[in-house]
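Colleague: 3D model of this:
(one chain, ligands or ions: 1)
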Amino acid sequence: MEKRNIAFSPPDISELEIEEVIQTLKSGWITTGPRVKELEKKIADYCHTSKAVCLNSATAAEELNFRICGIGEGDEVIVPAYTYTATAAAAIHCGAKVVFVDSKKNSTEMDYDKVAEAITEKTKAIVAVDIAGIIADYDKLYEVVESKKDLFVPGGNTDLGRRIQSALGRVLVFADGAHSFGASRNGKMAGEIADFTDFSFHAVKNFTTAEGGATTWRDIPGIDNEEMYHQYQLYSLHGQSKDALAKTKVGAWEYDIVGPWYKCNMTDIMAAIGLKQFERYPEMLKKRKEIIKKYDEMCDGLGVYHLQHYTDYGISSGHLYLTRVPGINDEIRREIIIKLAERGVNTNVHYKPLPMMTAYKQMGWDIKDFPNAYDYYSNLITLPLHTNLSDEDVDYVIKNFDEVVREYI
Ligand SMILES: *Cc1c(COP(=O)(O)O)cnc(C)c1O
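Modeller: Prediction:
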C-alpha cells in the first residue's frame, strides 16, 4: 500500500456551502440576520426544542447558559475532570467555583455516586459532557439532583436566574454537547434532554460553521421562552436593546444599553455554512457510522477497547473514535502515536484530564485525586474519523494501526 497522509479532522466543506457563503456576501447582510434566524429555527426543530440560539462558540453558549440561570460568584458547578477546558472555563468566567469529579472506572462519564457526594448547598449546576458524541446518562443525573433536592438553595444573581432556579427547585443539569449534535438517547435528541445544552460548530466538529455554537433548553414551567431568547440576544450583543436587524426599520435610530455585556453573536456568513451542512448532515452521520463499524471490527480483532457508539438505547453522532490499548502506559502510547504519524496516520488524545493542566494545577487540583480519569487517558489514542476519509483511507488507517499496535499487545 502506498503511503498516505491522513489528516486528523479536516472540515468537510462542499460546493453547496461555498455557494451559500458567496450568496450571503452578495446579499448585503453579512452579520447576524435572516440566515442566523433560519439556522436557529432548523436547530430547534431538529432538537425538538421550542427555541435555539446561535452564538460564536459552544464556550459562549455554555457561559450564557450560566448567566441566564444567574449562576456566578459564591456558586459551585460540578464538572468532570476528564473533559476539554471549555467545560470548566465557562463556569469560571461567570465567577463560579468549579468542583471536579472523577470518572467512573473505564468510562468517559463521571462517577455519578461521586457527583452526589460533591453536591453541597452551594451547588447550582452539574455539567455532563457527551464525549465522542455519545449522550451521557442524564436519567441518572436527574435522579442524583432529585435525591439532593433538600440541599438546593435557589439563588441567582439576576431576576430571570432567580425565577429559573426557583422553578426547577433542584441543581440544574447542563450538557456540554460540543460533540453530540444529532445524537439521541431513548428517542430523545441531544438538546432536549438536559435543562440546557450547548453545541459546538467549530471547524473540527461534525457539523461546522468554521467557528460557532448554539444553545437549546427544555421549557421551564412559568418561564417565557421569548423572554429567554431576548435575554440571550442582549447578552450576546452588548446588552443593546435593539439588534442590528430591527434597527433597519424606518426612522428607528435609538437604542438602549441595558447591561455592559458580551459580543458573541453568530454572523450570517457562518450561518450560511451551517444551513448547507444541515442538508448534508444525515449523509455525514451515516458515513461516520460506516467508518465506526470498520474500526470496531479492527479493535475487536485486536483486543483494543473502543466505545459503543450505537446501542439499543442510544445513537451517537459518531464524533470521535477513542481507542485504548490494553496494558500500555502513557510513554508507550506516545511512542505508538509517533509511529502512526510516521506512517501518515495522524491521531490525537481526547482528553488529557484538566487537573494535569497548568491553569488547573495552579488552582490546587491534583491528578492524584482523579485516578480513573488518569487511567482512561493514559492509554488512549483517538483515530481520524471524518467524512473526507475515502474507503482506501479507512483501510490505510486500519492496516497501519493494526501493524503498529500488534507489537504492543
Ligand atoms: C470543542 C469543544 C468545546 C468548545 O467548543 P467551541 O465551539 O470551540 O467553544 C467544548 N467542550 C468540548 C468537549 C469540546 O470538544
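Colleague: the stretch 1-150 of the chain: helices as residue ranges?
Modeller: For the stretch 1-150 of the chain, applying DSSP state H, counting those that start in this stretch gives helices covering 15-27, 34-47, 58-68, 85-93, 112-118, 138-147.
Colleague: for the second one, buried residues please.
Modeller: Which is helix 34-47. Buried residues in helix 34-47, counted by 16 or more other Cβ atoms under 10 Å: Arg35, Val36, Glu38, Leu39, Glu40, Lys42, Ile43, Ala44, Tyr46, Cys47. All C-beta atoms are positioned from the backbone trio N, CA, C, and that covers glycine.
Colleague: what residues are up against the third one?
Modeller: Meaning Glu38. Neighbouring residues of Glu38 by Cβ atoms under 8 Å, 6 or more residues apart in numbering: Ala271, Leu275.
Colleague: thinking again about what came up before, quick one: the helices of the stretch 1-150 of the chain as CSV, columns for mean pLDDT and distance to the ligand too.
Modeller: Converted to CSV, those look like this (pLDDT from 0 to 100; distance: least, Cβ to the nearest ligand atom, whole Å):
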stretch, mean pLDDT, distance to the ligand
helix 15-27, 98, 18
helix 34-47, 98, 14
helix 58-68, 98, 3
helix 85-93, 98, 4
helix 112-118, 98, 17
helix 138-147, 98, 16
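Colleague: need the ones you listed in a markdown table with distance to Asp268, can you?
Modeller: Shown next, in a markdown table, are the helices of the stretch 1-150 of the chain (distance: least, Cβ to Cβ, whole Å):
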| stretch | distance to Asp268 |
| --- | --- |
| helix 15-27 | 5 |
| helix 34-47 | 4 |
| helix 58-68 | 17 |
| helix 85-93 | 24 |
| helix 112-118 | 40 |
| helix 138-147 | 33 |
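Colleague: mean neighbour count, the ones you listed: which tops it?
Modeller: helix 58-68 (a mean of 27; mean count of other Cβ atoms under 10 Å).
Colleague: off-centre distance for that helix?
Modeller: Relative to the chain's own centre, helix 58-68 is displaced by 12 Å; criterion: Cα atoms, centre = their mean, to the nearest Å.
Colleague: now what about it, what contacts it?
Modeller: Here helix 58-68 has contacts from 53, 55, 72, 77, 86-87, 89-91, 93-94, 96, 125, 127, 158, 160-161, 164, 174, 176-178, 196, 198-202, 213-215, 217, 228, 231-232, 235-236, 262, 264, using Cβ under 8 Å, 6+ apart.
Colleague: these in strands, which ones?
Modeller: 53, 55, 77, 125, 127, 174, 176, 196, 198-200, 213-215, 217 (DSSP state E).
Colleague: so which of those wins on neighbours?
Modeller: Among the ones in strands among the contacts of helix 58-68, Phe199 has the most neighbours (other Cβ atoms under 10 Å), with 34 neighbours.
Colleague: helices and strands around the helix or strand hosting Phe401, which ones?
Modeller: Assigned by DSSP states H and E, Phe401 belongs to helix 391-406. Contact analysis of helix 391-406 by 3 or more Cβ pairs under 8 Å, 6 or more residues apart in numbering; DSSP states H and E lists helix 268-302, helix 330-342 as its packing neighbours.
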